[in-house]
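Colleague: only geometry, no sequence info:
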């Protein structure tokens, strides 16, 4: 059978040597779509593939919707009870694209069932929950990853490589914002799950802030302490039946962050930045250079070198990160034929499959549950600082 | 059988109602890859699909390479003789992604065999060749399209819609450049087929210039006359065995263009613009507004309105064309999660399949062989003007 | 006599009606130069002038240097003792462009001598000092201004007007950075006065941070509380004779800021941002729109409107603030012939002369000593928060 | 007496050694204002000055207006008959800022009177007129310059230096546009002198095109031949009394240009590019690098180097040309405190005074009447090509 359509590649040495990995997907919405697309695209674009994702099953509450998703993406079967999917022997990789309150329990049970696990971010709604999840995967000895997919943007990986090579020298500053606008008044957004603390854990912080916290840790290092403020601009929104329901998560947060290596930074995430559709922007200033990135122009990295170039023409370079020699680019297109947001998942899942099949570590380039846990610690510290008005030390 | 992996979608009403179309692909290099990716992606992303591409066969001269391509992309079979593929009854849509000297004959034979035809640009190496191709498809009554895929960039379609709605008023100016760098001295490019007039017809003109000529016709209208200059900076390059071989095509051209509606413009394409990987940039100035576009930032359109806004804050808008209400975007991702170059082919092929299945016209949004022919007339006029030093009228 | 060269304008009605104001300038370095240029340029560019600056005297410690400055800029006389200049009856406006530790005493004495006073920013080294200065000018009833000249950038004034007109609605966010690089290691900067707490009061905070704090108050409103972190990356630098001398001021600070109107923000200033020569960048997000500004492109303002424009082409406008109808522009040049940094002083001093001559208030568009004092309170709160790790309320 | 206000500088060695040069200015409008500002600013900003401009007289037809201009800028006297001003013995430098039909005769008479001459661009309305002017200054042996002031933008001079140093290698391409919008329909511009061939000679071509032609010659070299098209979008406009008057100059032109060194280019100027206030943009692509410039961001130069930098971070540098080591910058402000359009005249006039006082050549960095003449030849060739539809060789 050929759910993924690659059975006929078996005849070639390259693809034929790639083992199949059975995928069980939880969630068919935004992330289910993004991950499914990556599973389907990976075998022929990251070629020869390290593994062939076999789309075994997809799970979701709504029977009609999950059935259509299965048909659309080519999953061999579907479940309305994710517990049963986790028990499905054909599933080797459990991909958790469900809402935040469906991260911990399914992942823990999947770990106990010996599945490799890819979980969407934020890993958990709280430090405690994340700790339990980390404990479960560690105990079970399974491969685990958190979908901090922006580590797999070519420009971000290039930034990481430059920093790791010492090209920026000592890091002085990290400033990162993640700005969106989709719950501003003119959108008339109702009280969705992302605005409910019980389901989401936090608001802009966990959804957007967790990404820039992860990038800060990935690119600069471990934080030492944070101080923060949060705000909720619209305190209640129409729930089911139109009845006003309290918004008990942050609409926005702002924080100062001090890193163990002495770097000083700011973090901010908001869903009230009109004109910003998906602006995950960061800048790092170091002793020998600076870099800048904006997710809305994710094929570009701006780089400024100090002292490496003639003085009169120094300035930020607009690097189009789309050459075969750039990270992840050997599989894509010729010079300057840019890729999109969805491609980060192809890179990420390919990386994770490689870790599984060839027993390689997921880190440091992939984010593990350890990264997910540390991220949760920092998120909680930010909330605590905002609540108490005191700077909070980061202790994992 | 399930080459495309969608057999299991047959059970759903939506996809189940979509007819299969057998694809025969000529070429497995850059364009073969881009088109194959689109065929595979279309069924689950442009959902529900208007048709299900069934990857019947792929043809290419090198047996090992074409066999691997078939395996990689899931084509059921492969041919080293494209003539046989054209005769394959399972093939309903002939996709010609071969080099320019393999456009005319295969397309004409495919037309005679009653296939729908999608041909890469430029349609032909000359006006005469294009005319014969147009005649063949017209006579055969088959559906035909030329892969001027930039018509299917959301930002370009948005521009087209704005102009068609009269939002720019009378058009005064069109200025377009297509700048690349990949045969500059530091690339040490040998004498490839694109530098050989017999194979390619022309150089930067047919390869890059044809795109901006098409966009000019699509967005502004028919040209009235052109004057031009061409240049070949490196006159010979190492051929097979390292022996210098004459470059007999243009490395670059520049032209003035006057449109029938009175608009005045410039066109330029070159492969010697260092720092430009894939800069297809255009600007249109009209009575009521202006628009700007750069393919390297293809998710953006810059728009300037005159008189529609308070005077004090007028200026070019940086529109991120990535909302569900934007052209082609309903199938992609939430706000600001950008798409890449390859997505234009998904849009284009979806459009062509819709034309085939539902017997709709390919134009005016899709480019037909008529567009390909007119494009060839303009290219030839540019070469003639450069050769004679005289302005040349455009007569189709 | 004609130090300013305008005696011969006396014959015209327009300039002839403008009273002369005697200027006494303290400082002949960067700020002395910038202010002197403005005094000289004002009469013929802000035409007809509200007043004619008569360059009476300039004061500085170095006799040779101050004499040359007097000759260069056309001051009628020079002093090496500023106390004497303050007593000079010809001086009506005392312009204090000296280092921070020469702000308080001269300004207080000048106030007591009944002079109008323009003082460079930051007003003082501490809240206490600023309070004494404010008290002195208030008691003396003299006109007073602090040279927060960025209020007089046309784009900033346009932003102010838009906000004041309610065009942004409720303000959600203010994020501002002031980034420079001129004491990074590769500059080999010695231990100058700006790195000495006794002279400067603070480092990047007072020098750069005070500007963005002022813009925050001017554009968004009064802050409610702040939390902050500071850093000094290079702890000692060569002093006189090359002996290492401790740097006891901040090289950089980062802060969260909450405003009384509910807006949430971040502030950051640093002298360690490689590639940034003079990047004073701010963004404000409101319910109905957003604005962005970068001092390095000070002729531009980016504006995003929500709901005022067709949905499909919304986006940040790049407004070139260089039209006759823009703030301060009626005196300059035709469309798009941009002005520079120095022009802000022409606007500022013209505004202050108007306040003096026509007995108008300096605020709200000009910054007064009250603004300077409040700025000092906020700066001290930032230092206190960084020191204690606690959020600090702002109480004037 | 002290029209310029620098009499009291006589006591200092530096300024004291600078000779005075009597200025006679023709025209008090846009250019009169810009030049007068430069004369006044030069002595204290380009310090120590090479010469002290003594503002002797200003001439214009309207007695009231020219009297006010004299008062405003500090000219010692005014004339309504420029012939008399030219005969004024106090005038050593004749600055012609009048309309185009007042360039030839006054300049020729001034040359015969032995004056140094600075004339606004375009030098003349035709090749013949320019030839006569060049002959006159040559015969008279006076210093002469044409105010192609964009040569004195620091970024342009930096570009020139880079090219002269061979940093770009062989030049392949020059593309330049000069885009404005101020006679588009929504401006309701009447029939002004710039739209009258008798007065202006040509339209956008002479006004804007002459600037980019000059920059092409300055940066790339002499052209070999051109082909062109012109257009007049609005054929008649209200003249005096509202009566429609024919517009007999070009609103826009577009041209291809081939240089003697093999470079290929395009030129375009228009007054119908909505959203462009003053966009003089150019790009040069060479074997070893590329540069880009936009007058609306005149403090910046974009530079791309090939092969000089690590491959992975190559890209266009955004160079902020505002450092003390940059051309003309030693006299201005610290890092990143940008200058404006008017500063180009300070540089230009300083350069010309230096040529006069120290008997240096005006070229190659300053434009001479020879440059003005060659510019006229090229402008005429463009009009001829547009008229005949034939490519025209450039022969001086």
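Modeller: Yep, it's here. From a predicted model like this one, the values you see are computed outputs, not experimental measurements.
Colleague: residue contacts, residue A:278?
Modeller: Neighbour list for residue A:278: A:180, A:295-296, A:341, B:322, B:334-338 [criterion: CB atoms under 8 Å, 6 or more residues apart in numbering or on different chains]. (Each C-beta comes from the backbone N, C-alpha and C, glycine too.)
Colleague: quick one: which of those sit in strands?
Modeller: Using DSSP state E, no member of the contacts of residue A:278 falls in strands.
Colleague: Filter the residues you listed down to the buried ones and hand me the ChimeraX line.
Modeller: A single ChimeraX command selects the buried members of these (16 or more other CB atoms under 10 Å in any protein chain shown):
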select /A:180,295,296,341 /B:322,335,336,337,338
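Colleague: Arrange the contacts of residue A:278 in a markdown table, one row each, with pLDDT and distance to residue D:62 as further columns.
Modeller: Compiled in a markdown table, the contacts of residue A:278 are given as follows (pLDDT from 0 to 100; distance: CB to CB, whole Å):
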| residue | pLDDT | distance to residue D:62 |
| --- | --- | --- |
| A:180 | 98 | 59 |
| A:295 | 98 | 59 |
| A:296 | 98 | 54 |
| A:341 | 98 | 63 |
| B:322 | 97 | 56 |
| B:334 | 96 | 63 |
| B:335 | 95 | 58 |
| B:336 | 96 | 57 |
| B:337 | 97 | 62 |
| B:338 | 97 | 58 |
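Colleague: can you count the residues close to residue A:242?
Modeller: Counted with other CB atoms under 10 Å in any protein chain shown, residues neighbouring residue A:242 total 9.
Colleague: For the stretch 101-250 of chain A, list the residues in contact with chain B, please.
Modeller: A:180-182 (CB under 8 Å from any CB of the partner chain).
Colleague: rewinding a little: and which of the contacts of residue A:278 is nearest to residue D:370?
Modeller: Of all the contacts of residue A:278, residue A:296 has the smallest distance to residue D:370: 50.0 Å, by CB to CB.
Colleague: Was I right to think that closest one contacts residue B:318?
Modeller: No: shown here, residue A:296 and residue B:318 do not form a contact pair, counting by CB atoms under 8 Å, at 9.5 Å.
Colleague: Please enumerate the helices of the stretch 251-396 of chain A.
Modeller: A:343-357, A:369-388 (DSSP state H, counting those that start in this stretch).
Colleague: Columns distance to chain C on top of these, output as JSON lines?
Modeller: Output for the helices of the stretch 251-396 of chain A, formatted as JSON lines (distance: least, CB to the nearest CB, whole Å):
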{"stretch": "helix A:343-357", "distance to chain C": "24"}
{"stretch": "helix A:369-388", "distance to chain C": "8"}
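Colleague: quick check, residue A:58 in a strand?
Modeller: Yes: judged by DSSP: H, G, I helix; E, B strand; the rest coil, residue A:58 forms part of a strand.
Colleague: I'd like the helices of the stretch 251-396 of chain A written out as CSV, with mean pLDDT, distance to residue D:22 and mean neighbour count added.
Modeller: Shown next, in CSV, are these (pLDDT from 0 to 100; distance: least, CB to CB, whole Å; neighbours: other CB atoms under 10 Å in any protein chain shown):
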stretch, mean pLDDT, distance to residue D:22, mean neighbour count
helix A:343-357, 98, 69, 23
helix A:369-388, 98, 70, 22
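Colleague: what's the closest of those to residue D:190?
Modeller: The closest of the helices of the stretch 251-396 of chain A to residue D:190 is helix A:343-357. By CB to CB, the value is 55.6 Å.
Colleague: Could you check how far the closest one is from the centre of its chain?
Modeller: Relative to its parent chain, helix A:343-357 has a centroid offset of 12 Å by CA atoms, centre = their mean, to the nearest Å.
Colleague: For it, name the packing helices and strands.
Modeller: Secondary-structure packing of helix A:343-357 (3 or more CB pairs under 8 Å, 6 or more residues apart in numbering or on different chains; DSSP states H and E): strand A:20-26, helix A:30-45, strand A:93-96, strand A:116-119, strand A:144-146.
Colleague: Out of those, flag the one nearest residue C:313.
Modeller: Residue C:313 lies closest, by CB to CB, to one member of the helices and strands packed on helix A:343-357: helix A:30-45, at 25.7 Å.
Colleague: quick revisit: I'd like the helices of the stretch 251-396 of chain A written out as JSON lines, with distance to residue D:166 added.
Modeller: Listed next are the helices of the stretch 251-396 of chain A as JSON lines, based on distance: least, CB to CB, whole Å:
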{"stretch": "helix A:343-357", "distance to residue D:166": "40"}
{"stretch": "helix A:369-388", "distance to residue D:166": "50"}
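Colleague: care to break chain A down by domain?
Modeller: With domains defined by automatic domain parsing, chain A comprises A:7-148, A:150-393.
Colleague: Could you find the closest non-adjacent residue to residue A:190?
Modeller: Among residues not flanking residue A:190 along the chain, residue A:238 sits closest, at 4.9 Å (CB to CB, 6 or more residues apart in numbering or on different chains).
Colleague: Show the pLDDT at the one you found.
Modeller: Per-residue confidence (pLDDT) for residue A:238: 95.
Colleague: ok, which stretches of the stretch 201-350 of chain A are strands?
Modeller: A:223-231, A:236-238, A:244-246, A:252-259, A:264-270, A:279-286, A:289-294, A:300-305, A:316-320 (DSSP state E, counting those that start in this stretch).
Colleague: Now render these as JSON lines, adding mean neighbour count and distance to residue A:158.
Modeller: Supplementary listing: the strands of the stretch 201-350 of chain A in JSON lines, determined by neighbours: other CB atoms under 10 Å in any protein chain shown; distance: least, CB to CB, whole Å:
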{"stretch": "strand A:223-231", "mean neighbour count": "24", "distance to residue A:158": "23"}
{"stretch": "strand A:236-238", "mean neighbour count": "14", "distance to residue A:158": "40"}
{"stretch": "strand A:244-246", "mean neighbour count": "14", "distance to residue A:158": "44"}
{"stretch": "strand A:252-259", "mean neighbour count": "27", "distance to residue A:158": "21"}
{"stretch": "strand A:264-270", "mean neighbour count": "28", "distance to residue A:158": "20"}
{"stretch": "strand A:279-286", "mean neighbour count": "24", "distance to residue A:158": "12"}
{"stretch": "strand A:289-294", "mean neighbour count": "23", "distance to residue A:158": "9"}
{"stretch": "strand A:300-305", "mean neighbour count": "24", "distance to residue A:158": "6"}
{"stretch": "strand A:316-320", "mean neighbour count": "23", "distance to residue A:158": "8"}
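Colleague: Just tell me which of those strands ends up closest to residue C:196.
Modeller: Taking CB to CB as the criterion, strand A:264-270 is the member of the strands of the stretch 201-350 of chain A that comes nearest to residue C:196, at 21.4 Å.
Colleague: Which neighbouring elements make contact with the closest one?
Modeller: Counting contacts by 3+ CB pairs under 8 Å, 6+ apart, strand A:264-270 packs against strand A:171-179, helix A:210-219, strand A:252-259, strand C:171-179, strand C:223-231, strand C:252-259, strand C:264-270.
Colleague: Please list the residues outside the second one that contact it.
Modeller: Read it as helix A:210-219. Surrounding helix A:210-219, the residues in contact under the criterion CB under 8 Å, 6+ apart are A:121-122, A:148, A:150-151, A:156, A:159-160, A:163, A:174, A:176-178, A:223, A:257, A:259, A:265, A:267, A:269, A:280, A:282, A:284, A:364, A:367, A:371, A:374-375, A:378-379.
Colleague: by how many degrees do it and strand A:279-286 diverge?
Modeller: With axes from the mean of the first three to the mean of the last three CA atoms, to 10 degrees defining the directions, helix A:210-219 sits at 20 degrees from strand A:279-286.
Colleague: and the angle from helix A:210-219 to helix A:369-388?
Modeller: If you take the same axes, to 10 degrees, helix A:210-219 sits at 120 degrees to helix A:369-388.
Colleague: Give me the average confidence score over helix A:210-219.
Modeller: Averaged over helix A:210-219, pLDDT sits at 98.
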